[in-house]
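Peer 1: sequence plus the predicted model coming up.
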Amino acid sequence: MKNPYAPAFWCVFFALVLLSATYFYGIMLAHQIDKAMVFLDSASALIAVLSIGVVAWASFQGQRIKRRLLDQGKTRVAIWDTKVALRRVETVFDRYFWGSYWQPGRTFQEVMGELTGTPLEKSLEALKTQCVMLDRQVADGRHWLNNARELSDVATAMARERYQLDFYDPKSDTPGNAVIHREFEVLVYTWTARLKSFDHQLDEIESEYS
């Protein structure tokens, strides 16, 4: 990586050398060789000390830049992993409520409107775990974990509501045959809105660390 402080260092260095050489030449013209040599030694020592200080400071700044870039890289990886976990939740959710997961022969918990042990619950738990890692990386409290919990709460409410639909309409074998009432429609809308908001927030924070 190119050091951004190199031009300033060389400008200061050449300015000191030029001033020192000019003053030394002036003393020589005055035929004061002893004073000129003493000045030359002092100027050389000063330039050496300043050079060491500038190099040390530039190295410190370079390490800070490298560390910040490394942290940014880790944060971007955490963001991408969270996006993958969110896509997994979205896919499993669609299959669970509208596809092959929702069919006869389910577990007792599923029949009673619970998500315990279902692929949807597992994907939501994986998303929560990933959000905890992202919160730690960006030092943002529990913002992302709260987003995941909100999705989990909506999914749980939808499972219970779906149980009510099956209970009142036992003849329906598929979601298309069920009469979806207003509360379930609101939950579907809430799920879609929060999912889009979650995805949009991930896009925003990814652009900040790009």
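Peer 2: Okay, I see it. Numbering: from 1, shown residues only.
Peer 1: tell me where this protein has strands.
Peer 2: Counting by DSSP state E, one finds no strands in the chain.
Peer 1: domain ranges for it, per the record?
Peer 2: Taking automatic domain parsing as the criterion, the chain consists of the domains 6-65, 72-208.
Peer 1: where among those is average confidence lowest?
Peer 2: Of all the domains of the chain, the minimum mean pLDDT falls on domain 6-65 (a mean of 66).
Peer 1: tell me what the lengthiest helix in the chain is packed against?
Peer 2: As assigned by DSSP state H, the longest helix anywhere in the chain is helix 33-98. Identification of packing neighbours for helix 33-98 by 3 or more C-beta pairs under 8 Å, 6 or more residues apart in numbering; DSSP states H and E yields helix 6-29, helix 119-138, helix 143-168, helix 182-208. C-betas here are computed from N, CA, C, even on glycine.
Peer 1: can you give me the buried ones in the last one?
Peer 2: Of the residues in helix 182-208, those buried by neighbour count under the rule 16 or more other C-beta atoms under 10 Å are 184, 187, 190-191, 195, 198, 202, 205.
Peer 1: what of the second one?
Peer 2: Buried residues in helix 119-138, defined by neighbour count with 16+ other C-beta under 10 Å: 120-121, 123-124, 126-128, 130-131, 133-135, 137-138.
Peer 1: ok, and what's touching that helix?
Peer 2: 71, 74-75, 78-79, 81-82, 85-86, 88-89, 92-93, 95-96, 101, 115, 140-145, 147-149, 151-152, 155, 205 (C-beta atoms under 8 Å, 6 or more residues apart in numbering).
Peer 1: and the buried ones among those, selectable in ChimeraX?
Peer 2: The ChimeraX command for the buried members of the contacts of helix 119-138 (criterion: 16+ other C-beta under 10 Å) is given here:
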select :75,78,79,81,82,85,86,88,89,92,93,96,101,115,144,145,147,148,151,152,155,205
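Peer 1: related to what we said a few turns ago, output the helices and strands packed on helix 33-98 as JSON lines; include the columns distance to residue 63.
Peer 2: Output for those, formatted as JSON lines (distance: least, C-beta to C-beta, whole Å):
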{"stretch": "helix 6-29", "distance to residue 63": "15"}
{"stretch": "helix 119-138", "distance to residue 63": "20"}
{"stretch": "helix 143-168", "distance to residue 63": "29"}
{"stretch": "helix 182-208", "distance to residue 63": "23"}
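Peer 1: nearest to residue 53 among the ones you listed would be which one?
Peer 2: helix 6-29 (10.2 Å; C-beta to C-beta).
Peer 1: any idea how far residue 160 is from residue 184?
Peer 2: Separation of residue 160 from residue 184 (C-beta to C-beta, to the nearest Å): 10 Å.
Peer 1: could you do residue 146 as well?
Peer 2: As judged by C-beta to C-beta, residue 146 and residue 184 stand 24 Å apart.
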